[in-house]
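> Sharing a model that was predicted from the sequence below.
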There are 2 protein chains.
Amino acid sequence: MVRDLINTILSRRSLRRYTEEPVTEEEIKTLLEAAMAAPSASNRKPWHFIIITEREILNQLAEAHQHAKMLNEAPLCISVCGDPNVSRFWVQDCSAATENLLLAITAIGLGAVWCGVHPRPERVNEISKILGINAPIVPLNLIAIGHPAEEKEPRTQYDESRIHREKW
Amino acid sequence: MVRDLINTILSRRSLRRYTEEPVTEEEIKTLLEAAMAAPSASNRKPWHFIIITEREILNQLAEAHQHAKMLNEAPLCISVCGDPNVSRFWVQDCSAATENLLLAITAIGLGAVWCGVHPRPERVNEISKILGINAPIVPLNLIAIGHPAEEKEPRTQYDESRIHREKW
């Protein structure tokens, strides 16, 4: 069980090329169940998920976000959004949910890449306009998802220089 | 592989009671390898990890953080810290690393709870003082870890009301 999990974690790589094969509704449900099982401060669950599969909207998102051009190919985008009025820890909670989403994507055999939106105000404005998001809701990211058309090896990033003992 | 991962994700619960049995160095290394395999914006890896096992420091942390009293019992605390000078996405990246850490804890059979520090300034100040952390480094959280002395059932938090189609 430990090795399976570690293997999934090390196999999660940013994949930016996808085939045209759509992601099924059943797969989307599995991804969202994983995401919503994340911990959240005081269990406030300050998250929302926008599921985008319409080609026109995907292309608009690709146009608006300089590092999300792969959405021109991806059959699916999930935008994880947060509500700062529900929790001051919304970025942490929504990021934990996003990591669960990415691991479930990896376990299913799909590929994805996390494109950050918040805290860059110009990205937040552009993406909010396209997706009809209004304050207080903030789009944290765009996750491009599809069946991978590229491969990357699992990798460790273990680095002892980042580890401190008892104190900094 | 999918069901194993989803089971681990659903089994990750906040556990606040622990036995006195220490966590081994090998287990700590597995946890840190999982944490450091997280994605980060532009792969900047803006994270650091402080490993605390000294009883006196654990008790000081419990004293300083009103929701971390379980550190009086826990044999181990890992504080995930971030460097905002390395990345403006440090909270997201360090939170993804923390979720990996919590999932590895679950897979090993350990228990843990995530105690938030940043962005509450009084907590950041107190915890930084105890752990010798100086700006620009910010403690994101304290993760209390040990062999569980309580059990919780896996649970789903799947909620259709959080899902939006194509637009908000």
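Looks like it arrived, so ask away.
> Going by C-alpha atoms from here, please, whenever you check contacts or count neighbours.
OK.
> Look at the closest residue to residue A:16 other than its chain neighbours and say how many residues are nearby.
Spatially, and ignoring its direct neighbours in sequence, residue A:16 is nearest to residue A:70 (5.8 Å; C-alpha to C-alpha, 6 or more residues apart in numbering or on different chains). Neighbourhood size, residue A:70 [other C-alpha atoms under 10 Å in any protein chain shown]: 21.
> Could you give the secondary structure assignment for residue A:70?
Following DSSP: H, G, I helix; E, B strand; the rest coil, we place residue A:70 in the helix state.
> list the contacts for it?
Contacts for residue A:70 (C-alpha atoms under 8 Å, 6 or more residues apart in numbering or on different chains) come out as A:16, A:17, A:62, A:144.
> I'd like to know which of those are part of strands.
residue A:144 (DSSP state E).
> Could I get the contacts of residue A:70 in JSON lines, plus columns for neighbour count?
Formatted as JSON lines, those follow (neighbours: other C-alpha atoms under 10 Å in any protein chain shown):
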{"residue": "A:16", "neighbour count": "22"}
{"residue": "A:17", "neighbour count": "21"}
{"residue": "A:62", "neighbour count": "21"}
{"residue": "A:144", "neighbour count": "30"}
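> out of the contacts of residue A:70, which are inside helices?
Using DSSP state H, the subset of the contacts of residue A:70 located in helices is residue A:62.
> Just send the contacts of residue A:70 back as a markdown table, with pLDDT too.
Formatted as a markdown table, those follow (pLDDT from 0 to 100):
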| residue | pLDDT |
| --- | --- |
| A:16 | 98 |
| A:17 | 98 |
| A:62 | 98 |
| A:144 | 98 |
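> Identify the farthest-apart pair in the contacts of residue A:70.
Among those, the pair separated by the greatest distance (C-alpha to C-alpha) is A:17 and A:62, at 13.6 Å.
> Helices of chain A, start to end?
A:2-11, A:25-36, A:55-64, A:90-108, A:121-131.
> Of those helices, flag the one that's most buried.
Across those, the average number of neighbours (mean count of other C-alpha atoms under 10 Å in any protein chain shown) peaks for helix A:90-108, which reaches a mean of 27.
> Can you name every helix or strand that it contacts?
Applying 3 or more C-alpha pairs under 8 Å, 6 or more residues apart in numbering or on different chains; DSSP states H and E, we find helix A:90-108 packed against helix A:2-11, helix A:25-36, strand A:47-52, strand A:76-82, strand A:111-116, helix B:2-11, helix B:90-108.
> Looking at those, which is nearest to residue A:66?
strand A:111-116 (9.5 Å).
> Pull the distance from the closest one to the chain's centre.
Centroid displacement of strand A:111-116 relative to its chain, using C-alpha atoms, centre = their mean, to the nearest Å, is 5 Å.
> what angle do it and helix A:90-108 make?
170 degrees (axes from the mean of the first three to the mean of the last three C-alpha atoms, to 10 degrees).
> and strand A:111-116, does that touch chain B?
Yes - under the criterion of C-alpha under 8 Å from any C-alpha of the partner chain, strand A:111-116 makes contact with chain B via A:115, A:116.
> Tell me the helices and strands packed up against that strand.
With contacts taken as 3+ C-alpha pairs under 8 Å, 6+ apart, strand A:111-116 sits against helix A:90-108, strand A:141-146.
> any idea of the mean pLDDT for the longest one?
Right, the one you point to is helix A:90-108. Average pLDDT, helix A:90-108: 98.
> thinking again about what came up before, which stretch among the helices of chain A approaches residue B:25 most closely?
Closest approach to residue B:25 among these is made by helix A:2-11 (15.5 Å; C-alpha to C-alpha).
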